[in-house]
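Asker: Sharing a model prediction with you, sequence too.
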Amino acid sequence: MVKRRNKYTDLELFLALKKSKAEAEMAFAEIYARYSHRVFAYCHKVSSTPQDAQDLFQDTFTKFFSSAQTRNTIGNMFGFILKISRNIHLNQKRDKKIFVNIDSLEIANAESDPKRLELKEVLTLSLEMLEFEYREVFVLRHYQGLSYTEIADITGLSIPTLKNRYWRAKEMLRTALTPYFDNMSN
Amino acid sequence: MNYSRLIHDYLDGELDNVNQDLLFSELAQNQDLRIDFSQQLQMQTVARNEMNSMAPPLEATNAIFSGLGFTIPSQDFLRNAGYARRTAILAAFLAFFTKNVAVISAVSIITLATGAGIYFGVYNRPGHDFSSRDHNLPVSHKASLPSVPISSSVETSLNNKLSASENSQNNSALNSNLNKRSISATEKNSANAHNYRNTINSTQNRNNAENTFGENNQTNNNATTLNVAPETEQSGLLNQFASLFFTEKPAYTRDRRNSAFKRMPNSSILEINAPFTSGFESTYSRESLDDTQWQIQFRRTSNQSTINVPVVNKMDWRENLSLGVFYRLSYYRSIAVELGYERFSQDFTYSKNGQKYHYLQAPLLFWLVGTYRLNMMDLGIPNTLYPYAQISGGGTTVGPLVKIQSGLTFCPVNLIKFSVGLEAGALGYNVDGVYRVSPNYGLTIGGGISF
């Protein structure tokens, strides 16, 4: 039975990962409880398939634990985990050489029946068609609600670039969602 | 004007007031723009709702924890994640403080020590200017009067306040007065008093032998020898240690369930059974991880000094005590403010009107220091028995004080800690423009309550 350790700060938990196995286990469980939902959401949104998302999610936390053994401090825990997840995803993406053409966005959407889909599902489908650089920013800002500063820390991009990409991603998604919205208005 | 972008910026929280007014005035009269607004708002709402309903699959959680060799937590545990309840500002401050704790602590200690040194020691303040005092008749034995911060080695009861010039002009009167001294007036002491220069130190007296009464100087001994008080002998380390563990002070523990303090059944640590056992049990459970941030510590140091000063009064338990308030920065590090009351041995000479006076005294002084402590949990039994090291810097009423200490911390129950260690300290003080150091060392034993 893992005991609750919710009085600890992220930094204290992070440092406890380097201690005895019992303390590391406790700290890891608490960190997992705090951030697994949001990390999984990120993995789910940036990955192409549910299986890829699950693999990315598992790799992220495993890599996070091993990274914690060599670090003495941490700023933003969630940002740190997302950065790990992003790097793993980019490596996998590079190895697999997955490319999605943005031009196929409308075609793919048109093929689906918007009447039978909820906005959530349509948005998810549309999101999968976006290039990673737009999808990532949209996910981090739109879904995760991170500040531009936090996103800049994770991605290494400037804030004006991030704002532009977010806007462009949203415009592309709205274009893809037009049939859905038209259908809804009718 | 791209109103769609303005809607985006507004929902993104990035639209300034001027453009907000512009957007809302346009929204009021543009139906298409209202539809645009509604669509963007729906996208945002859907995303947020989806986030709340998203959870990692159970098999992924199992795979992660199994892969790391950890126990798989329950779903109930994962659903009720907790966070340290701190405001953003406080969290940011603590994050900065924790990240830079070493630098901040070092700067604080150095600032404290330097400030105290400048204020008390470097400048020869009027209060410490011996030439402005009427103490022209130094004596060698102790001057433990707390009201006399540094210089007075003269017992106020002696009333031997003759000036040096008077002494030199009226040796017989002086001798008469000196001979009336009631304390430690041995024959040797009396003989020493015949020295018209009032030079007590044997070395000095030997140096001045030709200028003093030779017959008296033959029997002149170091004042330390004259006034050794047998009762000031310190008991051995073993006795010091044992006396701590058999102290009459009550010990308290706290029930983890209702936080109520209750007195331990026996004040002797060696005879504590239930709390002691529970402490060790807790060592090997996660419950043992100390949640507390603050600790109040009370300790006593059995001081020794390389400067041998006879102390007339027996050193009782009220001397060399200190009270500290510790704040835990992290699992390993703590900072503290400590206030203490300690005896410092001082040995110095002072010149006035071409005459040298030798002061040998051990005043009791208050001190205040900032402390940085490192708890080396990994080198012992974590949370129960582990070594520590600490450095302190601050000041007394006469000069800066630096202390280092190292020892063992024993935590039989989560809220009570005991420590045994060796401490070394150095008090700096300025006499007659010459900077001197009074070293102290000894065994320190203390206990504290965490909360």
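Answerer: That came through fine.
Asker: pretty sure residue B:293 contacts residue B:326?
Answerer: No - with contact defined as CB atoms under 8 Å, residue B:293 and residue B:326 do not form a contacting pair (9.2 Å). The C-beta positions use only the backbone N, C-alpha and C, and glycine is treated the same way.
Asker: Which one's more surrounded, these two?
Answerer: residue B:326 (22 against 13; other CB atoms under 10 Å in any protein chain shown).
Asker: quick one: which helix or strand includes the more buried one?
Answerer: strand B:321-328 (DSSP states H and E).
Asker: Same check on residue A:25?
Answerer: For residue A:25, the host element (DSSP H and E) is helix A:21-46.
Asker: Model confidence score at the closest residue to residue B:14 other than its chain neighbours, please.
Answerer: Closest residue to residue B:14 apart from its sequence neighbours, by CB to CB, 6 or more residues apart in numbering or on different chains: residue A:163 at 7.1 Å. pLDDT for residue A:163: 92.
Asker: What number of residues are in the vicinity of residue A:163?
Answerer: Neighbours of residue A:163 under the rule other CB under 10 Å: 18.
Asker: how near is residue B:426 to chain A?
Answerer: Going from residue B:426 to chain A by CB to the nearest CB, to the nearest Å gives 32 Å.
Asker: check contacts around that residue.
Answerer: B:401, B:402, B:403, B:437, B:438, B:439, B:440 (CB atoms under 8 Å, 6 or more residues apart in numbering or on different chains).
Asker: Tell me which helix or strand it sits in.
Answerer: Taking DSSP H and E as the criterion, residue B:426 maps to strand B:416-431.
Asker: Listing partners with orientation, what would you give for that strand?
Answerer: Applying DSSP bridges to the sheet, strand B:416-431 is found paired with strand B:400-413 (antiparallel), strand B:434-450 (antiparallel).
Asker: most neighbours per residue, which of these?
Answerer: strand B:400-413 (a mean of 21; mean count of other CB atoms under 10 Å in any protein chain shown).
Asker: How many residues are close by whichever residue of the stretch 351-451 of chain B sits closest to chain A?
Answerer: Residue of the stretch 351-451 of chain B nearest chain A, by CB to the nearest CB: residue B:382 (6.4 Å). Per other CB under 10 Å, the neighbour tally for residue B:382 reads 22.
Asker: pretty sure it contacts residue A:23?
Answerer: Yes - in terms of CB under 8 Å, residue B:382 counts as a neighbour of residue A:23; the distance is 7.4 Å.
Asker: who's in contact with the residue nearest to residue B:14?
Answerer: By CB under 8 Å, 6+ apart, the neighbours of residue A:163 are A:148, B:12, B:14.
Asker: Name the next helix or strand downstream of the helix or strand bottoming out on mean pLDDT in chain A, please.
Answerer: Within chain A, no helix or strand scores below helix A:104-111, which has a mean of 45 by mean pLDDT, DSSP states H and E. Using DSSP H and E, the helix or strand that follows helix A:104-111 in sequence is helix A:119-129.
Asker: what about that next one, near chain B?
Answerer: Yes - Helix A:119-129 lies within reach of chain B by CB under 8 Å from any CB of the partner chain, at A:119, A:120, A:123, A:124.
Asker: same thing with stretch A:74-86?
Answerer: Yes - using CB under 8 Å from any CB, stretch A:74-86 comes into contact with chain B via residue A:75.
Asker: try stretch A:14-34
Answerer: Yes - applying CB under 8 Å from any CB, one finds stretch A:14-34 in contact with chain B at A:15-16, A:19-26, A:28-30, A:32-34.
Asker: is it true that residue B:55 touches residue A:37?
Answerer: Yes - using CB under 8 Å, residue B:55 is in contact with residue A:37, at 5.5 Å.
Asker: Tell me where the model's unsure across the stretch 201-350 of chain B.
Answerer: Residue ranges of the stretch 201-350 of chain B with pLDDT under 70: B:201-292, B:310-317.
Asker: likewise chain A?
Answerer: Within chain A, the stretches with pLDDT under 70 are A:1-7, A:95-117, A:186.
Asker: Spatially, which residue comes closest to residue B:108, not counting chain neighbours?
Answerer: Spatial nearest neighbour of residue B:108, chain neighbours left out: residue B:370 (5.2 Å); criterion: CB to CB, 6+ apart.
Asker: contacting residues around that neighbour?
Answerer: Contacts of residue B:370 (CB under 8 Å, 6+ apart): B:105, B:108, B:109, B:112, B:335, B:336, B:337, B:338, B:392, B:393, B:394.
Asker: quick one: the second one and chain A, what's the gap?
Answerer: Same thing as residue B:108. Residue B:108 sits 20 Å away from chain A, going by CB to the nearest CB.
Asker: could you say which helix or strand contains that residue?
Answerer: Going by DSSP H and E, residue B:108 is in helix B:101-116.
Asker: what's the average pLDDT for that helix?
Answerer: Helix B:101-116 shows a mean pLDDT of 69.
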